[in-house]
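>>> Take a look and give me a structure for this.
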Amino acid sequence: MGLPYRQLEVWRRSETVALRVHELASRGTWQRYLQDQVCRCAFSVPANIAEGNGRSTPLDYAVFVDRARGSLLELDSWLHSCHAMGLLSDETYAELASELEALSAMLLSLARALRRSKTLPSRG
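Residues are numbered from 1 along each chain as shown. Now for the predicted structure:
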């Protein structure tokens, strides 16, 4: 079954994006600093969701969801630059941008729900 955060759709989808970004950045045509930056913020998204899920209050959890969204927006900016440099095809960039937009909305919704909640959601 695994830990509770692994059951969250937003975590699963953000992990999938991080793995996809890592695959793209590892192809060898990207400069090392660019690989590091893009992968660092991509993996920060699911990591912050997981860390927040382990916190003891809804407000603490919401802070980490906000951090995840910040990393997601940073990733969007990096991918936009990579696309402009010709490192991502139009199709790949459009797919990633669409998924990031959906994840952003999911994270906003989760953070709002946590801020309205008096107790943590069931975590298994």
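
>>> what's next to stretch 110-123, contact-wise?
Around stretch 110-123, the neighbours that count as contacts under CB atoms under 8 Å, 6 or more residues apart in numbering are 4-5, 10, 53, 56-59, 61-62, 65-66, 69. (Each C-beta comes from the backbone N, C-alpha and C, glycine too.)

>>> Tell me the gap between it and the middle of its chain.
Stretch 110-123 sits 19 Å away from the centroid of its parent chain (CA atoms, centre = their mean, to the nearest Å).

>>> What of stretch 26-34?
How far stretch 26-34 lies from its chain's middle: 20 Å, per CA atoms, centre = their mean.

>>> ok, residues contacting it?
Stretch 26-34 is contacted by residues 25, 35, 38, 78, 82, 87 when judged by CB under 8 Å, 6+ apart.

>>> mind giving me JSON lines with those and columns for secondary structure, pLDDT and neighbour count?
Converted to JSON lines, these look like this (DSSP: H, G, I helix; E, B strand; the rest coil; pLDDT from 0 to 100; neighbours: other CB atoms under 10 Å):
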{"residue": "25", "secondary structure": "helix", "pLDDT": "93", "neighbour count": "23"}
{"residue": "35", "secondary structure": "helix", "pLDDT": "93", "neighbour count": "18"}
{"residue": "38", "secondary structure": "helix", "pLDDT": "96", "neighbour count": "23"}
{"residue": "78", "secondary structure": "helix", "pLDDT": "97", "neighbour count": "19"}
{"residue": "82", "secondary structure": "helix", "pLDDT": "94", "neighbour count": "20"}
{"residue": "87", "secondary structure": "coil", "pLDDT": "93", "neighbour count": "19"}
